Structure formats: structure tokens, C-alpha cells
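Peer 1: let's see this in three dimensions:
(chains A, B, C and D, ligands or ions: 4)
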Amino acid sequence: MVAGSPARREDMADFLSFSHISKTYPGVKALSDVSFGVAKGSVHGLIGENGAGKSTLIRILSGDTAADSGEIAIDGGAQNFSSTRDAFAAGVVVVHQELQLVPELTVAENLRLGRFPNRAGIIDFRSLKEEVNRRLRDIGLTVDADTKVAKLSLGERQMIEIAKAIMLDARVIALDEPTSSLSSQESEVLFRIIGELRAAGKVIIYISHRLDEIFRLCDGCTVLRDGKLAAHHPSMAEVTRDSLVAEMVGREISDIWGWRGRSVGEVRLKVEGITGSKLPRPIEFEARAGEIVGFFGLVGSGRSELMRLVYGADARHSGKVMIDGADSSGSSPRRSIREGLVLCSEDRKFDGIIQGLSVGENIVVSARRHFSPFGVLSPKREADTAAEFIKQLRIRTPSAKQEIVNLSGGNQQKVLLARWLAETDVKVLIVDEPTRGIDVGAKAEIYELLYSLAEKGLAIVVVSSELPEVMGISDRVVVMCEGRIAARYNRAEFNEHAILASALPDRTAGEPNKKAS
Amino acid sequence: MAFLKRLLLGEQGLLVIFVIAFAAVSIFVPSFITERNMLGLFQSVVTIGIVACTMMFCLASRDFDLSVGSIVAFTGMVAVMASNASGSIIVGLIAALACGTFVGFVNGVIIAKLKINALITTLATMQIVRGLALISSDGRAVGINDPGFYQLALSRFLGIPTPIWIMVILFCVFGFVLNRSVFGRNTLAIGGNPEASRLAGVNVDGMRIWIFTIQGLVCAVAGILLASRITSGQPNAATGLELSAISACVLGGVSLAGGRAAMVGVIVGVLILGIAENAMNLLNIQAFYQYLVRGLILLLAVLLDNVRSTGLGRK
Amino acid sequence: MAFLKRLLLGEQGLLVIFVIAFAAVSIFVPSFITERNMLGLFQSVVTIGIVACTMMFCLASRDFDLSVGSIVAFTGMVAVMASNASGSIIVGLIAALACGTFVGFVNGVIIAKLKINALITTLATMQIVRGLALISSDGRAVGINDPGFYQLALSRFLGIPTPIWIMVILFCVFGFVLNRSVFGRNTLAIGGNPEASRLAGVNVDGMRIWIFTIQGLVCAVAGILLASRITSGQPNAATGLELSAISACVLGGVSLAGGRAAMVGVIVGVLILGIAENAMNLLNIQAFYQYLVRGLILLLAVLLDNVRSTGLGRK
Amino acid sequence: HAADIKIGFVVKQPEEPWFQDEWKFADIAAKEKGFTLVKIGAEDGEKVQSAIDNLGAQGAQGFIVCTPDVKLGPGIVAKAEANGLKLMTVDDRLVNADGTPIESVPHMGISALKIGEAVGTAIADEIKKRGWDMASVGAIRVSYDQLPTAVDRVQGAITSLKAAGFPEANIFDAPQAKTDTEAALNAATVVLNKHADVKHWVAFGLNDEAVLGAVRASETVGIAPENFIGVGIGGADSAINEFKKPAATGFFGTVIISPKRHGYETALNMYDWVANGKEPPALTLTSGELALRDTYVQVRKSLGIE
Ligand SMILES: Nc1ncnc2c1ncn2[C@@H]1O[C@H](COP(=O)(O)OP(=O)(O)OP(=O)(O)O)[C@@H](O)[C@H]1O
Ligand SMILES: Nc1ncnc2c1ncn2[C@@H]1O[C@H](COP(=O)(O)OP(=O)(O)OP(=O)(O)O)[C@@H](O)[C@H]1O
Ligand SMILES: [Mg+2]
Ligand SMILES: [Mg+2]
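Peer 2: Numbers count the residues shown, from 1 in each chain, chains lettered A, B, ... in the order given. Ligands and ions are numbered 1, 2, ... in the order given. From the prediction side, this is the model:
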């Protein structure tokens, strides 16, 4: 729940204002003539399709990139940041879409990086630790200040990133898709914090593709489309979900899930007694032809670990994976792919995109073996394949030759999906957080794609931390909790409270034998 | 003007800059652009040119190979000694190629399977292989009994010496492999993001082993040609080759962070180093000043390429 | 057993392995563990030990410095020549420190501001500075007029020669800086994730310039001590120092991918290299076989550390 | 008590055949007299320092050194004293800061300038014998100026060539980037190509390997062996291999310097000094001898090699 009532508006002048911001990258007009303002003590939503220019705007606000033209003013004073240091000095902090942590440093060091408490350059570790532990407690995070960030899960890292921003005494805080790797529980913590910040009179820019969050948190919102200002709503009173969607994607989307019944066939994927170094207890599950199985759980419940084991990305300690009744060796991702099992992993930056390669290369990296006789490429087939998926998934890129790192986050995610959609002979498709950072319109298209693949007889496993999504598209839901399967539900039994309850570790109700330790 | 800018900043900008520099050297350095000097120039870059081909793959996959100089010396020794011992040049060549390949394979296995840092591994094999070369010959040069061995380097085809042909063929082969084969593209993918490549089904360990093995084989080719050119196996040959080969690659735009490489660039890099050396000797620049000039040329070449990429908005 | 495992795999595992190896060498190599030999051993690692201190920072920030050997030689020359010319040792020392700092600063500026690859930049300055050393002395060693200069290296405090004290002091200073200062943590942050550090407001360019500048200064200290120990400035001194210093760091667990470093590790790395050399000479191992042994020790040391980290589940 | 005697032999370039040979002959002396010989390679000033410390620690009584640089003199003398070691030098004589030889250290060696002069004389004689016109002969000076000994050697050759009437303008510099044959080959090729009109060539340099590079270069650009005179220095395997080739090459001869006396005699002298207190002569100078394709076997025999 958002604490406090909607902000008082004693000062109606915009505290933060963007005027005529334009920014062009080679081949891409990322922003053109964007102007709007945000009042003090309010949370302002920034939404738009993938590649609409949201992150670019935030990067300009943070002093990371310079706008080609236009101006930002805070509290009436024009600002001209040439570096992030300048932005900090002016009281602006940003949580970027991609995590910006140093894995080799501890949580405490990451939180105060660039601003260590020090005397004559010597760090005061005691006060650093005290302060950090206090802050972490405040935001309800149970990690120790001395843990190396490398040891944390993605969700925990995301919380650290947020903590990093609120530890600064900022006037303007911009959050770029902060909940994309958070579970609903952690999101609640974040919402509470945002409420407190608003009450303290800060300006918060909030970017998200989850419209319910926008409605819940924001006092007003701005819609970007193709780098232009599509709509600006100082208050949320006048807008509805459907009108926002229409402003974003230019058409109506009535039912984003669009689930439809399918006939379910034989068991295609059968996992038996699988264990690994991070999942000591044996796990079994199966997925049938034409079936979409959703995996839900809290951050760190072990879903990603499980899928990596099934795929052969991590070494298995024991257990079997059967594909169409045949024992899959699962010794490496390479073998799994050849046996018809593919995994689209969750951390697109770390083990998803291949930096330095083009969009096209990233799409065909795995599928090209089908059209490379004796290991010799056929550039035409590759170009065709890339073009096909760029078109089908509507990936916003000037060309297939664009370097992947230059794409917006959501478009990178689409490229990863394309990589696996380009694979032929897939029997089992596992997608881990497939719609992380993807806009509403594209989400609907991706779901549609999943249904049509399922109709072709694939078994599909979807791992997601978004409960509505899991419930919206799955035929069956498997709930994981603390490294084991806590519950299974058929579509008929879907119930938000039941599913959430079984995902929580220390629940007393519903489960007679409460788990020890 | 706009045309010039497009030319300089375009894909082939490095090549254009090189051609301009080449023309300048031809005009200002007397007797540079004679047939004899050109052949001499190309022959002088044969060793480094050949080794740079595979070094490019090594760097593009985010690895490092410091052992190339030692392998060149060692395989040269092996070629000569095995030829002498068996009385057959063919046996000598096969022995040398086998030894080079084996050393490369060992490098690859240690790096890929035991996960030891490539720099340290090849620094170690660099010492070990050099030690083997010295031990096997007792630190002395070994002469070649059969004069047929010299013919490898002296024979000509269409008026151009065989070593140059071999270098050109390797340029073509590895250029093709880099741009047109799954192997080449996978090499770049590994360099770009090894973990993502593994999850995308690339056999990362296997690729790395192959890259180092081929590197060893190619070094053996260079070693044989070198032994033939100097008509003996010398255990002290080719010291410092590793840094020259790496420089040539980096000059040619190969990224040490992996993921970026181009054969044309590497050829240009190799030629820049060769021409600098050649022109300095033609101009009779004093040995100590050659150090200065060499350093400045290195800096200048990378700086130019950098200005170009920035203008291109690539970085 | 469990205790042993905990000891070996713990934070200080490298140290424990080292102590065991040290004990083994002491037992099996005659006259190793004598006071004289220990002093000799420590003196023999002074140059590489001092340089490794800052090389650690350089590697930890994901950079590379190949110019250290040349700077050591050059500053040694400067110290001697400036002392001779001015008749004052102090002037010589200041000149040497200034020159070293300047070269390091230039390295840093080129790398940070012009964004040129550190490997190529320092390869270039390595040549340029070596060229300067050769030119200024016409390629010959320069003797020291004032015997007071020798005292820098010969003088003792508590029975231990000054250079060893200086090395130990630098170990302490840089160990402290690495772990306890903003500078040290920022260095690791830059190496671990340059982008994140920049966004967090760390002055990445400034840090890199500082790191190279300090590297230059520290090389000058090493150069002065070396000149004093060998009682002359030698333009050919300290060739190959860069690879030794980098090896010592990597042996000590400094990651070439940046972000990981520890002073204790580097000290152990330096000592491993020194002890290997020392023990081989004490055991009278033949020069060619020393190559083999050196290579094997390198491999073994990294392998052991690797097994340890894996056992630790760190990787 | 010979078994208690330990003598060090420190050389600057342990990989070089020359020093390998010195060590080999020193070993023979050690075997004859029954003392222990400790061989250490020390490529630079720093390594020499630690080598001496190392010898001191091992309980050696004296050592023979071929220093990487003669200016290391005062440092080596001081270090030897500090470790209580007797000191002799071989090949290169230690000098003071002002460049004067340190007389107190017994030395056996050969002047680099003198060897160079022998090379120059051999070339000049052969030019005359072949009846070439000095004014139209080109000379390749394969140089490695980073090494003072190399400068002195080629300087010696130039001195005696000039004395024989060779025009200085015809001497062309071919700087090696490294001291191996390939580097010399590349450098010499450039010189040959630059002066494509010159028919007769001579070459000299730091050692056999350098001159070999020039010879190989002459072959690649198509200069017949009878139009080329290369004279090297050293006389180890590189040169012998050349003489063993079925047909004569441009490698005309080499000035053999004998590692036997340098290794064997110095070791013996040091032993006598340590064991019997008999101080060696302050200065012994040996000489090089020219060996040609037909004569190298006898020359080597007369020098006691083989
Ligand atoms: N460094 C860059 N070089 C070239 N193009 C870029 C660069 N950064 C962003 N772009 C382009 O600018 C456009 C806007 O990108 P931006 O990241 O702002 O989108 P976004 O609205 O945040 O999208 P998403 O919801 O997917 O995160 C995209 O088309 C992207 O490809
Ligand atoms: N790199 C790591 N090092 C150590 N522990 C890790 C690491 N990554 C994840 N873990 C831990 O492993 C457990 C399982 O994490 P996993 O990422 O598989 O969970 P998940 O259900 O997929 O959640 P998420 O939504 O965060 O991906 C968690 O306890 C997490 O803290
Ligand atoms: Mg974005
Ligand atoms: Mg997950």
C-alpha cells in the first residue's frame, strides 16, 4: 500500500521539467522534442513501447549521456550535467535498467561506491557498515553488508540497486523498470519506500511496463512513442488502462493474455529426481505436448537453478531428464539443443546477449548450424532469418547489423527470444522470465507466439515472477519454494491467494507439517 | 570533402589510411618501391604474418598466447633435427608440424579444461618449450644436412618466393574462416560473451582447444619456413615474436576484450610493422632512434584508427 | 582432516600452501635457510616486488603496463646522470622520480583520455622510453661519480639492507591503500565494472591517470635502488620485468579481468618467483633446465590456487 | 680438501653457445681437480648481484664472472668483498665509474676491438686476393648498438678495413632489431636492395649469427657466393654448419675465439688461488684466429676445441 494521501500540491509549478529534449543515435531518433514537467512530492510514470526512448531520457537526466538539444530544469534552475557526478551534486539519482553493481565488492561497498565515508581518503569501514546495515533493515533486506554482490541472486541485486539510490539524499529519483526482476513481495517493499519518499517531497520518475503498478503508484504519467511525447497526464484521474495502452501502442488490446484452450498430448519433458549444488533436494516435474506450464515462486526459490540443471548449463548431481521418452544426456547446453530442449535464460546481460556482435548474429548464433553445410555460412539465409524475426517480433533496430548493446532493454529481450524461435526441431521450450522489460503490446504478441508454438505440439515451460502472467497464460502452474516444489495447480484451480500462499516459505496455514529451519 | 570523409570513416577506412601512408612512404623513401625491396619487405614479415593469422583468433576469443615465439623456434629445431636424423625432409616437416600441434593442444587443454589463465599458461609453456629447444640442441644452432631443405624458402612460383605464397594463402584461408565459417563466428561469439555463447550451444571448451591447437600448427609452419630461410635450426630464434604478433593484431583493430576482429585489419597491421622497420633501415635511422620511431608509429596508428571509430560513432 | 581442509581452502589458503612449500624448500635445499641467503633472496626480489605493488593496482583496474622495465632502466640512468652532472645525489633522485612520474602520467593520459588500448600504449612507451635511455647514454652504462650513491643500497638498518626496508614499507603502504582507502576500493570497482563505477560517480579517467602516474613514480624508486645496487645506470637493465611483475601478480590471485587483488597474494607471488630462482641456483640446476622448471612452477602454482578456489566453490 | 672448494662461474648469456663452452671447459677443470663448480646465468646487473649473494650463501670461496656490463665493476667488487669471495673476470674486464679498468681484479680476455680488427683484416685480404676494386665493393655492417661489445667489434673491423684502403662511404649500416639471424637477415636485405647496383659485397657483425643473416640475405636477392665475403666471429656450430655445406657459401670465414682457455684456465687459476693461495696473473690476453672453409678443422684442433 502506498503510504499517505496523494501529495499536497501547494506548489503547482513543476519542480522538474524537461523542455524540447532531442537525442539522435546513428540511424535512430531516440527522442525528439520531448517536453513535460513533474511537480514536487509526486510519483510520475513514464511509459511507452520498447525503444520508445524512456531509458534514454533517464540517462540524459542522470548526466550519463548528453542531449543533442533541449534543457532540464530542477526547481526552476536550468541544469547542464556533464557527468553523473554533476547529477548527484544536483540531487538526481537514477536506478538504471541494467544493473550497475560491482560483483567483486561487498554490498556495503557497492551501496556507497563513489561516496565512501572517509577521512583523508581512508574509508571509515565501521560507520559504513553500520549505516548500510541500518538502511538494509529499513528496506527489509536480510543480506549482510559484508557479502560479496557476486553471491546474490538477481532479485537481491535489484534491491541493492534501489537501496543505493535511496541512500543518497536526492531530490529527484528515477527508477527504470525497478520491479522487472522483483517478486511481488519485494515489490511491496519498494512501493512502501516510494510512498515514503513521496511523502518526503521528492520527485520520483517511475518507468514500468506493468500498468497496474503505474495506476497504483503514480500521480501522473507521460507516454512516449517513437521518441515523441504521445500524451502527458498530470493526474491519473482522467486515464484508464485501455486509453493508456492505446496511447502507447496505437491500438486497443482488450485481453492481453488471450489464453485459449488446446488439446494436450503425450509427455514430452519428464524430469526425475534432479539435484544440483544449489538444489540439494530431488525435484520432479513434467510437461506435455501442447501444454504451457508456468513456474511461480519468490526470488531465490530456485526456479532458475532448476531450469539451468534441466538444460545442462550447470552440472547435475543426480537425476534424469527425458525428452519424448528418451533419456537426454543433458551434459551441456549444446547437447540439449541438439536433443530439442532449449532454454532462454533470465539474465540477459550476463548470459543472454553476446556483446560485440550484431543483432543479426545474436539471432542466428545457434540456428545457423542448420544452414551452414560443412561449417560454411550462407550469409543470405542468415540475413533472411534475422530479417524475418526482426519483423515478426517488431524489434526496433535500424538494421540487423546494429550492435546488440545499442538496443533498448526490451528489444534485447526480443532478440533473445528470436534466437530460440529461430531454432528448428525444438521439442521443449523453457523460457525464464520471457517478458521481463517487454511492453504490453509486445507481451500480447509473445503470448500469442507461445500459444501457436504449443499448438504445434511443443511443450513449453514459462518461469515468471509475475503472478498475473503465470495465471494468465499457463495451463498448469508449479509453485516453487526454497528449492523444492511446494504445490501444483491446474488451470481450473487457479487462485491468486492459494498460489501466493504456497510460494511463501514460513506459512502455518494450509500445510500441516511446517518445514523445519 | 563529404566523399573523402565517407571514405576515411567507412568500413575500409583503415585500409584507406594505410594506402595513403604507403603512397607517402613510396614517394619519400628512396628505393622503397622497387621490386626487390617489396619482395624483401614481404619476406621479412612472413613469420609474424603467419603467426598473426591465428593470434587474431586467439585474441578475438578473449585469450592470449605468449608461447608462439618459443613454438616457432622449437619446431624449427625439430624440423631440422628430424630431417637430419631420418634423412628425409618430409619426415622432418611432419615431425615439426606434429610437435607444434601438440604444444598448441596442450596449451588449449590446460586453458580450457583446467581453467588456468591463458596468460600464465602460455607464459609457462613459452619457458618450457624454449627450454626444450635449448636442451634438444644443447643451445647450439643445428645445420641442415640436406640442401633440399633450403628450397622451401628459396624456390619461387611466378617469381615470388614460396614463403610469401604460403603467407598469402594463410591470409585467405583464415580470412575466409573468420568471416564465412561457423568456427569464425563462434570465435567472435566466445570473445563477446563466453557464458552466453555456451548457453547458446557453442562448445566453448572445444573451440578454445581448437584455436590453440591450430595456433600451434601454424607456428610450426612459420618455424619450418624460418629454419629454411636461415638454413639452420636456432634455439634462440623468434624471441619477442609474441608481442609483435599481438601488436599487429591490435593495430589491425582486433579487440583485446574479444569479439572484434578482421583479417584485412591484421594484414594492414602486419604490413605497418614491416614497412616501418623497412623504411627506417632504408632511411638509415640510427638504432636507438628506431626505438622512438617504432613506439610513435604504434601510438599514431592506433590513435588514427581511434579517431576514425569515434567519428564513426562506433564507440 | 576437516581442519586441514578448512585451512587450505580458507581465505589464507594461498599463504598456507606457500608456507608449506617454503618449509619443503628449506629442508631439501642446502644452505637455503641461512641468514645470508635469505637477505640475498629478498634483495633479489626488490625490483620486482616494488613494481608488483603498483602493477597490482594496474591489473586490478583492468589495465596493463608493459613499460615498467623501460621506466626502471630509464630512471636509473637519469638518477646517475643527473647526480653526475649536478654533483648532488639529491638532485639526481628528484630528477629520476620526476621523470618516472612524468612517463607514468603520459601513459595514463593517453590511455584514459585518448582511449587507446593500454597494451599498445605501454608497448609504445616501453620502446620510446628504452630508446631515450639508450640515446641519453649512447647505449653504454654510466658509472656513478659519487660513491655516496652506493650507500642507498649498501646501508643497513637493524642489519637489513635499506632496499628491503623500502620494499617492505611499500608492501605495507599499498596493502593499506588497497584495502582501506577510497582509492583502493575505487580501483577494484573500476576493474570489476567500469560502467557501474562511472555511473556511481567514480572519476574513472582520473583514477586511471593516477594509477599509471603512481606506477611511474614507484618504478623510479625501483630504478634508483637498482642503479645504486649495480653502481651504474644501465640502459639495458630490467628487460622483461613487465612479464615477471605481471606473473607475480597473477600468481598472487590478481585477476586479469579486473576487480580482484590482494597484497598478501602478490607478496607470495613475488616470493615464489624469487625462491624458485634462488633454489634452482643453489641446487645448481643447468641453465636450460631452469626454463623447464620455471615454467612448471608457474603452472603448478596457478593450478594449486585454482583447485583451491574451485574447492571453495568460488568459481 | 679439494672437495670443500666451491667456485662460481657467472656468465651473462647462458643460452649462448660461447658461454656453454666456457662452462663445459670449466667443468673439465673441476673434474680434474675435484672441486665443485657452480654455474649461474646472470643477464643483467641485478641478477649478478643476487648470483653473488647466492654464491656467498652456498659457501663458495671465489668466482669467475663474465659481466653483462663492464660498468658494473665497483658493484661487483663490493659485493664480492661483502661475501668474502675471490673474484676473477673473463671475457669482459670490469671498469671504474670513470671507465678505467679495475686493475686489482685478475682478468683473462680478448679485446673486442682486436677481434674486430682481425675480421676487418681478413676481409681486406680476401678482397685483394679476389682482385676486386675496393671503391666498388659494398660493406654491410650488421650492427646491434645496444650492446657495447658489438659496437667495439664492428668498430674494430671498420678500423682495419679503412686502414686497408676501404672507402668509408661504402660501409652501410644494417641494424638488427634482435641478435638473431632472422633480424640480421631482414636488416641486411634492405641494405642489399637499396644498393642493387653494387656487385661485390662484404659483411661483418657482432657474431657468426649476424653475418649468417647477411649471407642468407645475399642468397635471397641472388648474389653469387663468389661475390660475397662474410666473416663472422665465434666459430661455434652456426659457422661450422656453414663450412660443412656441400658448396661454398658467402660465409667466407670466422674468427674463432677459444672458449677453452677462458673456461678451463680461469677455473684452474681460481682453484689455485683458493686452494694454494697462488694469485693468478693480473691480465691474460688471448687471441682469435681466422678459420676458413678449408682450415677450420686444424684451427679448432690447435685451439684445443674438439
Ligand atoms: N548507444 C546507442 N546507440 C544507438 N542506438 C541507441 C543507443 N541507445 C539507445 N539507442 C536506441 O534508442 C532508442 C530508444 O532506446 P531506449 O533504451 O531509450 O528505449 P526504452 O524506451 O527504454 O525501451 P525499453 O522499454 O525496451 O527499455 C532505441 O531504438 C535504441 O535502439
Ligand atoms: N551467483 C550466485 N551465487 C550464490 N548463490 C546464488 C547465486 N545466484 C543465486 N543464488 C542463490 O541460489 C538460490 C536460487 O536462486 P535462483 O536464481 O535459481 O532462484 P529463482 O527462483 O529463479 O529466483 P529469481 O527470480 O531471483 O531468479 C537463491 O537462494 C539465490 O540466493
Ligand atoms: Mg529502457
Ligand atoms: Mg529466476
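Peer 1: residue A:287 contacts residue A:264, doesn't it?
Peer 2: No. The criterion here is C-beta atoms under 8 Å, and residue A:287 misses it with residue A:264 at 9.6 Å. In this view, the C-beta of every residue, glycine as well, is placed from N, C-alpha and C.
Peer 1: which stretches of the stretch 51-200 of chain D form helices?
Peer 2: In the stretch 51-200 of chain D, the helices defined using DSSP state H, counting those that start in this stretch lie at D:73-82, D:112-130, D:148-163, D:181-194.
Peer 1: to residue A:152, which of those lies closest?
Peer 2: Across these, residue A:152 has its closest neighbour in helix D:181-194 (54.0 Å, C-beta to C-beta).
Peer 1: neighbour count winner among residue A:287 and residue A:264?
Peer 2: residue A:287 (24 against 16; other C-beta atoms under 10 Å in any protein chain shown).
Peer 1: so what does that one look like in phi/psi?
Peer 2: Backbone torsions of residue A:287, given as degrees, to the nearest 10, read phi -140, psi 140.
Peer 1: what sits against residue 257?
Peer 2: Looking at chain A here, since you left the chain open. A:447, A:469, A:472, A:473 (C-beta atoms under 8 Å, 6 or more residues apart in numbering or on different chains).
Peer 1: could you do chain D instead?
Peer 2: The contact partners of residue D:257, taken as C-beta under 8 Å, 6+ apart, are D:18, D:110, D:115, D:233, D:234, D:235, D:286, D:288.
Peer 1: ok, now residue B:73?
Peer 2: Neighbours of residue B:73 in contact, by C-beta under 8 Å, 6+ apart: B:129, B:130, B:133, B:223, B:234, B:235, B:236, B:237, B:238, B:239.
Peer 1: how about a cut-off of 7 Å?
Peer 2: Residue B:73 is in contact with B:130, B:133, B:223, B:234, B:235, B:236, B:237, B:238, counting by C-beta atoms under 7 Å, 6 or more residues apart in numbering or on different chains.
Peer 1: try residue A:260
Peer 2: residue A:451.
Peer 1: assign it to helix, strand or coil.
Peer 2: coil (DSSP: H, G, I helix; E, B strand; the rest coil).
Peer 1: how close does it sit to ligand 1?
Peer 2: Look at residue A:260 and ligand 1: by C-beta to the nearest ligand atom, to the nearest Å, they are 27 Å apart.
Peer 1: same question, residue A:221
Peer 2: As judged by C-beta to the nearest ligand atom, residue A:221 and ligand 1 stand 14 Å apart.
Peer 1: so what's that residue bridging to?
Peer 2: residue A:45, residue A:233 (DSSP bridges).
Peer 1: surely it meets residue A:232?
Peer 2: No. Residue A:221 lies out of contact with residue A:232 (C-beta atoms under 7 Å); the separation is 8.0 Å.
Peer 1: more neighbours: which of these two?
Peer 2: Higher neighbour count among residue A:221 and residue A:232: residue A:221, with 26 against 16, using other C-beta under 10 Å.
Peer 1: contacts only, for the closest residue to residue A:229 other than its chain neighbours.
Peer 2: Among residues not flanking residue A:229 along the chain, residue A:34 sits closest, at 5.1 Å (C-beta to C-beta, 6 or more residues apart in numbering or on different chains). Residue A:34 sits next to A:18, A:21, A:57, A:224, A:229 when contact means C-beta under 7 Å, 6+ apart.
Peer 1: many thanks, we can stop here.
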